[in-house]
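> Could you work out the structure for the sequence below:
(2 chains)
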2 protein chains.
Amino acid sequence: MMAASAAIVTVGTEITTGLRLDTNTREIAAALMGAGYDTRETVSLPDDPDLVATCLRRLVAAYDLVVVTGGLGPTHDDITREAASEALGLPMSADPGIAHGLARWVHRHTEQRAREQVLRQALVLQGAEVLAATVGTAPGQVVQTPLGGRLVLLPGPPNEMRPMLQELFAHKVQGSSTVVEIACTGISESDAQVATQAALAEHPGVRLTILASPADVHVVLFDDGAGNEGILRAAESVRDALVPYWYSDDGASLASVVTRLAQALGMTLAVAESCTGGLVAASLTSVPGASSVFRGGVVAYSNEVKTSQLDVPEALIAKHGAVSGQVASAMARGVLRRLGTDVSVAITGIAGPDGGSADKPVGTVWFSVADASGEIPVMRQMIGDRDGIRTRATMFALNLLRLKIAGHE
Amino acid sequence: MMAASAAIVTVGTEITTGLRLDTNTREIAAALMGAGYDTRETVSLPDDPDLVATCLRRLVAAYDLVVVTGGLGPTHDDITREAASEALGLPMSADPGIAHGLARWVHRHTEQRAREQVLRQALVLQGAEVLAATVGTAPGQVVQTPLGGRLVLLPGPPNEMRPMLQELFAHKVQGSSTVVEIACTGISESDAQVATQAALAEHPGVRLTILASPADVHVVLFDDGAGNEGILRAAESVRDALVPYWYSDDGASLASVVTRLAQALGMTLAVAESCTGGLVAASLTSVPGASSVFRGGVVAYSNEVKTSQLDVPEALIAKHGAVSGQVASAMARGVLRRLGTDVSVAITGIAGPDGGSADKPVGTVWFSVADASGEIPVMRQMIGDRDGIRTRATMFALNLLRLKIAGHE
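The predicted model follows:
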């Protein structure tokens, strides 16, 4: 079956001026991909009725489906509804049900003078199906256009857009293709590519993309003739080739893999952080249900706190420096004992921009993972700016926890 | 002066399939804005030579400047250079200097068979100026096209793209317009709009946009005839109307404002976190130089850790529950005493999705800010999912620190 074609449009001057990052396009693109659509183009436009009208005319004539977000709200610069009406020659009329709901909302939440603007949101394109707003006030619309393609209008705020997107595609799947994304850490992009290509030699019909972000390399396999069964067999070969680097193939974050593993084995965790300053704890606690394994942590940013809250001897810091394997291990031991957990990890390093030396340049990070049998210190020289170093150190520390819990050495 | 028009194109199937978030468009849009360009359209396309060629022809004919990122690398799906050559009728030839540099790089870094692919990156469009790669291997190109617009090709990886973008616009500013972004927290989007519009009544020629993300409302003022002086006077009126909500007008994050204030007053800070799980500490330590004011923190995720590491009496938890003003104040007092700082903040709440009750639903968060004079507990009912609640609680806690340090009550 030939995939239906699609385009995505986001409307908002805050995007084309760079004031805000557009995250809607990615969410919609992923939903379209899952629903079997082939997205051929995504566009962002300022709040300019002429530009929006011209673009919509071009896209609905060229593609089967055009999804637009933004510009449906009550303020003066919300022009998408009117531009679509103009572009497609579809008149609008107020939907009495929506108008009634908005009037009640206006009464509760706004001043009198806001009323007229808010009520603009009740205008519906001729022939459109309405998508009710479960968050916010702006409803969405779906309409078959006279120019060929189907047009979907969704609000711009991600928390208002998301439930409509889910509603829209949960029941209207057009087909689906298998994509496997194997997440790895601790391996370079090029090494991952070489290993994967070797593993794929016996699996024709699979297309490969490698996506890398700091400390995280994702191997993505697309169906290119292999079929669902074929791609799953290929993924198995690729995973085998990427032991011990791969940590998930179901979209799970490294922190949630660590949490799941610890839950399965009944282990408790603690962290002691210096340069990562709480990021490792924040990652672990981002996982729902983290409290079943994560007891807590100490952010020991100053040396005094390392000594008073983690029992790191002052003399040890004086002798080896705060950024050293000895201090990392003392921190890991201290938090393990104080919080009474099965496993702990500690991080101490130089995130920059200041604080580096010839001996220990910016990016020098010492880690130590501890359990009842002792501590294992390890050093890594991280690249990047302050954010990059902290992100890479956080991923490395989580991976040390993963390998320790899973029994890798 | 009429602003020159611009468009931005990102090339990569990972974007149009939703596998990856495009962050380049925002960075380029902001650079173009700063250089006085009016970005009329941004487009993302899959790695499809025909789609890219068609789009480039359309855009260079319509706009003064078209900036393209992605698809300049060595792999089979990097097709931007070839598509541009085809679309614009500009033949390519290998630049001997680039080819020599690449050959040396190949020798150091890759296997023999990669050589031919890597050397494709030495191909330069007829008449193009080359932008040297300071990170990675793919050079950029700038060329005046026969169709009217100027075309800029930049690599896709953000860390390779960024230095070229900076190089490109540092010396080639086309003009500039003043934009003031006033960041607020603790006020709703609609209240911020009403207050701002009242303040702007006496300042004509200023256009207003309000941008809201969880717990963060930014009031953005654009020059619309007022001129630089006029917009700065308008910004002063708006700031006056937004006391005590506004915290920065220079792009500084709330965490860096807190850090700066504490530095200026010579104060030290500590945090005690339960539901935010390290996010407040991670925010504060994201600021370069944080170590001059931030001593550290305790992530007391379990009740045992609240008792053992923060001296919260077990009986207090049993009587009031871990999520209570009494426990929040005991946590704040505990970390203040243990770490010996001037000010501290504590957070304990229910981030969900589980753990809520009729009495204390998901989103209930107690805070307490402490100094030598005592603790001030405060409760907020946060909205959103787990991430949203944690983000809003983090912003609220940072703002409590800001107000306490600045002497607001």
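> does the residue nearest to A:Leu265 when sequence neighbours are not counted sit in a helix or strand, and which one?
In space, and not counting its chain neighbours, A:Leu265 is closest to A:Ile405: 6.3 Å by Cβ to Cβ, 6 or more residues apart in numbering or on different chains. For glycine as for every other residue, the C-beta is placed from the backbone atoms N, C-alpha and C. Using DSSP states H and E, A:Ile405 sits within helix A:386-406.
> which of the residues in that helix are buried?
By 16 or more other Cβ atoms under 10 Å in any protein chain shown, the buried positions in helix A:386-406 come out as A:386, A:388-405.
> Against chain B, how distant is the residue nearest to A:Leu265?
18 Å (Cβ to the nearest Cβ, to the nearest Å).
> pretty sure that residue is touching A:Leu261, no?
Yes - at 4.8 Å, A:Ile405 counts as touching A:Leu261 under the criterion of Cβ atoms under 8 Å.
> residues near A:Pro361, how many?
As a burial measure, A:Pro361 scores 12 neighbours (other Cβ atoms under 10 Å in any protein chain shown).
> any idea which element it lies in?
Counting by DSSP H and E, A:Pro361 is found in no helix or strand.
> contacting residues for it?
Listed by Cβ atoms under 8 Å, 6 or more residues apart in numbering or on different chains, the contact partners of A:Pro361 are A:Ile350, A:Gln381.
> about what we covered before: please name the residues that touch the residue nearest to A:Leu265.
By Cβ under 8 Å, 6+ apart, the contact set of A:Ile405 is A:Val258, A:Leu261, A:Ala262, A:Leu265, A:Met267, A:Val343.
> Show the model's pLDDT score for the fourth one.
According to the prediction, A:Leu265 has pLDDT 92.
> Please pick out the residue of chain A most distant from its centre.
Distance from the centre of chain A peaks at A:Ala315, with 43.0 Å (Cα atoms, centre = their mean).
> Spell out the secondary structure type for that residue.
Here A:Ala315 is recorded as helix under DSSP: H, G, I helix; E, B strand; the rest coil.
> could you pull out the strands for the stretch 251-400 of chain A?
A:269-273, A:294-300, A:343-349, A:364-371, A:374-381 (DSSP state E, counting those that start in this stretch).
> looking at those strands, which is closest to chain B?
Between chain B and those, the tightest spacing by Cβ to the nearest Cβ is seen for strand A:294-300, at 3.8 Å.
> on that earlier part again, now the strands of the stretch 251-400 of chain A as JSON lines including mean pLDDT and mean neighbour count?
JSON lines is the format used below for the strands of the stretch 251-400 of chain A (pLDDT from 0 to 100; neighbours: other Cβ atoms under 10 Å in any protein chain shown):
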{"stretch": "strand A:269-273", "mean pLDDT": "98", "mean neighbour count": "32"}
{"stretch": "strand A:294-300", "mean pLDDT": "98", "mean neighbour count": "30"}
{"stretch": "strand A:343-349", "mean pLDDT": "98", "mean neighbour count": "29"}
{"stretch": "strand A:364-371", "mean pLDDT": "98", "mean neighbour count": "25"}
{"stretch": "strand A:374-381", "mean pLDDT": "96", "mean neighbour count": "16"}
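> filter the contacts of A:Ile405 to the buried ones?
Applying 16+ other Cβ under 10 Å to the contacts of A:Ile405 flags A:Val258, A:Leu261, A:Ala262, A:Met267, A:Val343 as buried.
> For the fourth one, which residues are in contact?
Shown in contact with A:Met267 (Cβ under 8 Å, 6+ apart): A:Val293, A:Thr341, A:Asp342, A:Val343, A:Ile405.
> State the pair within these that is farthest apart.
Spanning the widest gap among the contacts of A:Met267 are A:Thr341 and A:Ile405, at 11.5 Å by Cβ to Cβ.
> Just the element for A:Ser93, please.
Going by DSSP H and E, A:Ser93 is in strand A:92-94.
> Any idea how far that strand is from the middle of the chain?
38 Å (Cα atoms, centre = their mean, to the nearest Å).
> Parallel or antiparallel, which strands does that strand pair with?
Applying DSSP bridges, strand A:92-94 is found paired with strand A:123-125 (antiparallel).
> what mean pLDDT does the strand it pairs with have?
Regarding strand A:123-125, the rounded mean pLDDT is 93.
> if we can go back for a sec, and which of the buried ones among the contacts of A:Ile405 is nearest to A:Asp240?
Minimum distance to A:Asp240 across these is 19.4 Å, recorded for A:Leu261 (Cβ to Cβ).
> OK, contacts around that closest one?
Neighbouring residues of A:Leu261 by Cβ under 8 Å, 6+ apart: A:Arg402, A:Ile405, A:Ala406.
> I'd like to know how far it sits from chain B.
18 Å.
> What distance do you get for A:Ser291 to A:Thr285?
To A:Thr285, A:Ser291 is 8 Å away according to Cβ to Cβ, to the nearest Å.
> between those two, what contacts are shared?
Counting by Cβ under 8 Å, 6+ apart, the contacts common to A:Ser291 and A:Thr285 are B:Tyr301.
> Please, which helix or strand holds A:Leu56?
Using DSSP H and E, the element containing A:Leu56 is helix A:49-62.
> Only the C-alpha atoms, please, for the helix or strand following that helix, written as CSV.
With elements assigned by DSSP H and E, the helix or strand that comes after helix A:49-62 is strand A:65-69. Listed next in CSV are the C-alpha coordinates belonging to strand A:65-69 (Å, rounded to 0.1, in the frame of the first residue of the first chain):
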residue,chain,number,x,y,z
LEU,A,65,-3.5,15.5,4.9
VAL,A,66,-2.3,18.9,6.3
VAL,A,67,-2.1,19.3,10.1
VAL,A,68,-1.9,22.9,11.3
THR,A,69,-1.2,24.0,14.9
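> packing partners for whichever helix or strand comes after strand A:65-69?
As assigned by DSSP H and E, the chain's next helix or strand after strand A:65-69 is helix A:80-88. Using 3 or more Cβ pairs under 8 Å, 6 or more residues apart in numbering or on different chains; DSSP states H and E, the elements in contact with helix A:80-88 are helix A:49-62, strand A:92-94, strand A:123-125, strand A:150-154.
> need these in a markdown table with mean neighbour count, can you?
Output for the helices and strands packed on helix A:80-88, formatted as a markdown table (neighbours: other Cβ atoms under 10 Å in any protein chain shown):
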| stretch | mean neighbour count |
| --- | --- |
| helix A:49-62 | 19 |
| strand A:92-94 | 14 |
| strand A:123-125 | 21 |
| strand A:150-154 | 24 |
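> can you list those in CSV and add distance to A:Pro139?
As requested, these are exported to CSV (distance: least, Cβ to Cβ, whole Å):
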stretch, distance to A:Pro139
helix A:49-62, 19
strand A:92-94, 12
strand A:123-125, 8
strand A:150-154, 9
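> Relative to A:Ala226, which of the ones you listed is closest?
Smallest distance to A:Ala226 across the helices and strands packed on helix A:80-88 (Cβ to Cβ): 29.8 Å, for helix A:49-62.
> contacting residues around the closest one?
Residues from elsewhere that reach helix A:49-62 (Cβ under 8 Å, 6+ apart): A:5, A:7, A:9, A:11, A:40-41, A:43, A:45, A:66, A:68, A:71, A:79-80, A:82-84, A:86-88, A:145, A:147-151, B:40-41.
> who does the closest residue to A:Ala393 other than its chain neighbours bridge with?
With Cβ to Cβ, 6+ apart as the measure, A:Val365 is the residue that lies nearest to A:Ala393, at 4.7 Å, once sequence neighbours are left out. Counting by DSSP bridges, A:Val365 is bridged to A:Gly349, A:Arg380.
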